[in-house]
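[1] compute the structure for the input listed below.
(one chain, ligands or ions: 2)
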Amino acid sequence: MKTVTILIPAYNEAEVLHQLYNRLTFVLQKISFYQFEILFVNDGSKDATLEIIKNLREMDGRISYIDFSRNFGKEIAMIAGLDYVKGDAVIILDADLQDPPELIPEMIRYWEEGYDDIYAKRRTRSGETMFKKWTAKTFYKILKKVARIPIQENTGDFRLLDKRCVEALKKLRESQRYTKGMFSWIGYNKKEILFDRDSRAAGVSKWNYLKLMDLAIEGITSFTTAPLRLSVILGSIVSMWAFIYMAWIIFKTLLFGESIAGYPSLMTVMLFLGGIQLLSLGIIGEYLGRVFNETKRRPLYFVDEYNGQKESNSSTNK
Ligand code: UDP
Ligand code: MG
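    Numbers count the residues shown, from 1 in each chain. Ligands and ions are numbered 1, 2, ... in the order given. Here you go, the predicted model:
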């Protein structure tokens, strides 16, 4: 019998866990011929999330959990989950029921047909403001243009991954992770299914615009060096014009002399060049920061306990 692992990163999700468990098990009991493992990653929650998971585990042997030593963020929670997965396939599911578990049977069906990565694409996004929808759309547009890999728009992490994809993802150990890009980057047979994304069942989203902006910069800088290229191009164009202008000024001064004037033009040129220099420095700094972080080669996470056992973490960074 094949095993399918449902991987659920959870950070302060106490309010929804029971509801999630009920809805998930209702779906799972209708699927026969598969064994299921429900793997929670407790990402340093400060509420009762861990206790609830432990209680659920006592009732239901299919549940296992990883408890992080602190909050590491969803991207890290996902790779940790993948490290511990036992199944032949894994389904990554948000704890807040924004990803309907009802899609699981369809995902498994396509998996049986031979697809390796069946991802759920949002037809609609309810409970999100116009502004968030617009920013998300623009971001994807830019990312697709600059990072030469096809990144699936309006797709979250909700997907079924075959063991092969899991093994591939486990090889990508960078610490600043943009998992959504990695799903595309590893390739394999992809299949899209559509769904309507609900608003979260309870609790609040952990995202804010600062974090989203962070993720956007992460996405771009981890998949393309195009911004560096851009600063080279911008720099060459600007310095070309600067040289022409310089030649013109020298020529003009030699022929006609110079009465003191030209404060506005001086100021404009200075500010413009200064701006471009700062921008380019910022871009270089962004990449340098990534290099710095990756060269430290730290383990991606530390596990406090796994299924009730204290972890020594000697095997972290698998
Ligand atoms: N999450 C996590 N660690 C974090 C933040 C979020 O494991 O630091 C989990 C969270 O519990 C949920 C999923 O990631 O299962 C998505 O989080 P959220 O609903 O806040 O994001 P949104 O749906 O608004 O993008
Ligand atoms: Mg959510």
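
[2] could you pull out the helices in the chain for me?
    In the chain, helices defined by DSSP state H lie at 14-28, 49-59, 74-84, 104-112, 130-146, 163-171, 179-186, 209-223, 226-256, 263-295, listed in chain order.

[3] of the ones you listed, give the one that comes closest to residue 124.
    helix 130-146 (9.5 Å; Cβ to Cβ). Quick note: C-beta positions are derived from backbone N, CA and C, even for glycine.

[4] and the direction of the closest one versus that of helix 209-223, what angle?
    Here the directions of helix 130-146 and helix 209-223 differ by 10 degrees (axes from the mean of the first three to the mean of the last three Cα atoms, to 10 degrees).

[5] what's helix 130-146 packed up against?
    Under the contact criterion of 3 or more Cβ pairs under 8 Å, 6 or more residues apart in numbering; DSSP states H and E, helix 130-146 touches strand 117-125, helix 209-223.

[6] so for residue 93, what's the pLDDT?
    We have a pLDDT of 94 for residue 93.

[7] out of the helices and strands packed on helix 130-146, deepest packed?
    strand 117-125 (a mean of 19; mean count of other Cβ atoms under 10 Å).

[8] any stretches of the chain with poor pLDDT?
    125-127, 199-202, 206-207, 314-318 (pLDDT under 70).

[9] need the residues of it near ligand 1, please.
    9-11, 13, 43, 71, 73-74, 77, 94-96, 98, 200, 205-207 (Cβ under 6 Å from any ligand atom).

[10] inside strands: which ones of those?
    9, 10 (DSSP state E).

[11] can you put the helices and strands packed on helix 130-146 in JSON lines and add distance to ligand 2?
    Output for the helices and strands packed on helix 130-146, formatted as JSON lines (distance: least, Cβ to the ion, whole Å):
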{"stretch": "strand 117-125", "distance to ligand 2": "11"}
{"stretch": "helix 209-223", "distance to ligand 2": "13"}
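
[12] what residues are up against the residue nearest to residue 185 when sequence neighbours are not counted?
    Among residues not flanking residue 185 along the chain, residue 149 sits closest, at 5.6 Å (Cβ to Cβ, 6 or more residues apart in numbering). By Cβ atoms under 8 Å, 6 or more residues apart in numbering, the contact set of residue 149 is 181, 184, 185, 223.

[13] before we move on, the earlier item: just the buried residues of the residues of the chain next to ligand 1.
    Applying 16 or more other Cβ atoms under 10 Å to the residues of the chain next to ligand 1, the neighbour count classes 9-11, 13, 43, 71, 73-74, 77, 94-96, 98, 200 as buried.

[14] list the contacts for the spatially closest residue to residue 159 that is not a sequence neighbour?
    Counting by Cβ to Cβ, 6+ apart, the nearest residue to residue 159 once its immediate chain neighbours are dropped is residue 119, at 3.9 Å. Residues in contact with residue 119, defined by Cβ under 8 Å, 6+ apart, are 152, 155, 158, 159, 160, 183, 190, 191, 192, 193.

[15] which residues does residue 119 bridge with?
    residue 159, residue 192 (DSSP bridges).

[16] from residue 190, how far out is it?
    7 Å (Cβ to Cβ, to the nearest Å).

[17] give me the nearest residue to the residue in the stretch 201-318 of the chain positioned nearest to ligand 2, chain neighbours excluded.
    Nearest to ligand 2, among the residues of the stretch 201-318 of the chain, is residue 205, at 5.3 Å (Cβ to the ion). Excluding its sequence neighbours, the residue lying closest to residue 205 (Cβ to Cβ, 6+ apart) is residue 96, at 7.9 Å.
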